[in-house]
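Trainee: no FASTA, just this:
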């Protein structure tokens, strides 16, 4: 966790503990299997609507997994339910999780268009974010500092249907640290 965010939350009365949450990598893998299956199912409906870059990205992404048989597709949903159950149990004791939006600095423009290996590397930097997408957890992503002229992002993840907890903690962080952006959006630069 970003030290500035940790200090703000501790000052606001949150009890902080460094823990390893359950099944983060597994959730990202399940999300990938499910989303690739859904892209394959719907590709003929939206192929003509996407840009050439989107088509290249999706072609590279589709190389990351084989088409799923119906049984494997159903099994992936069951695996997703198991991960969601583990997070429900985890968050009964630890309601908020603060972690990175991405585990690496932003990748160079076009990296996600360079082939399957690069698409997968980029995906791996987003495992915690993809976990939220996979099992439907609310989260707030916000900048917490700046390094090399880029914002450092954190996300605050709450239990299902507890957006209020995420938003309250994010408000505490933003109130204490201010609105951090590398570029003033009012200046047009």
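Mentor: Right, received. Where do you want to start? Predicted model only: the values in this text are computed from it and were never measured.
Trainee: buried ones in the least confident helix or strand in the chain by mean pLDDT?
Mentor: The helix or strand of the chain with the poorest confidence is helix 52-62; it has a mean of 83 (mean pLDDT, DSSP states H and E). Residues of helix 52-62 classed as buried: 56-58, 60-62 (neighbour count, 16 or more other C-beta atoms under 10 Å). (Each C-beta comes from the backbone N, C-alpha and C, glycine too.)
Trainee: For residue 176, state which of the residues you listed is nearest.
Mentor: Nearest to residue 176 among the buried residues of helix 52-62 is residue 57, at 37.6 Å by C-beta to C-beta.
Trainee: Now for the residue nearest in space to the middle of the chain: which residues touch it?
Mentor: Per C-alpha atoms, centre = their mean, the C-alpha nearest to the average position across the chain is that of residue 129, at 1.1 Å. By C-beta atoms under 8 Å, 6 or more residues apart in numbering, the residues touching residue 129 are 101-102, 139, 141, 155.
Trainee: quick one: it and residue 178, what's the gap?
Mentor: Using C-beta to C-beta, to the nearest Å, residue 129 is found at 24 Å from residue 178.
Trainee: same thing with residue 120?
Mentor: Applying C-beta to C-beta, the value for residue 120 to residue 178 is 36 Å.
Trainee: Between those two, which is the more surrounded one?
Mentor: Neighbour count, other C-beta atoms under 10 Å: between residue 120 and residue 178, residue 120 has more, with 15 against 9.
Trainee: can you give me the strands in the chain?
Mentor: In order along the chain, the chain carries the following strands (DSSP state E): 97-100, 139-147, 150-157.
Trainee: Please verify my assumption that residue 27 contacts residue 137.
Mentor: No - judged on C-beta atoms under 8 Å, residue 27 makes no contact with residue 137 at a distance of 9.7 Å.
Trainee: between the two, what contacts are shared?
Mentor: Shared contacts of residue 27 and residue 137, defined by C-beta under 8 Å, 6+ apart, are found at residue 131.
Trainee: for the nearest residue to residue 92 once chain neighbours are set aside, what are its contacts?
Mentor: Once flanking residues are discounted, residue 92 sits nearest to residue 159: 7.8 Å by C-beta to C-beta, 6 or more residues apart in numbering. Applying C-beta under 8 Å, 6+ apart to residue 159 gives the contacts 87-88, 91-92, 95, 137, 165.
Trainee: For residue 159, grab phi and psi.
Mentor: phi -70, psi 160 (degrees, to the nearest 10).
Trainee: What's the separation between residue 65 and residue 77?
Mentor: From residue 65 across to residue 77, the span is 15 Å (C-beta to C-beta).
Trainee: Which of the two has more residues huddled nearby?
Mentor: More crowded of residue 65 and residue 77, by other C-beta under 10 Å: residue 65, with 17 against 11.
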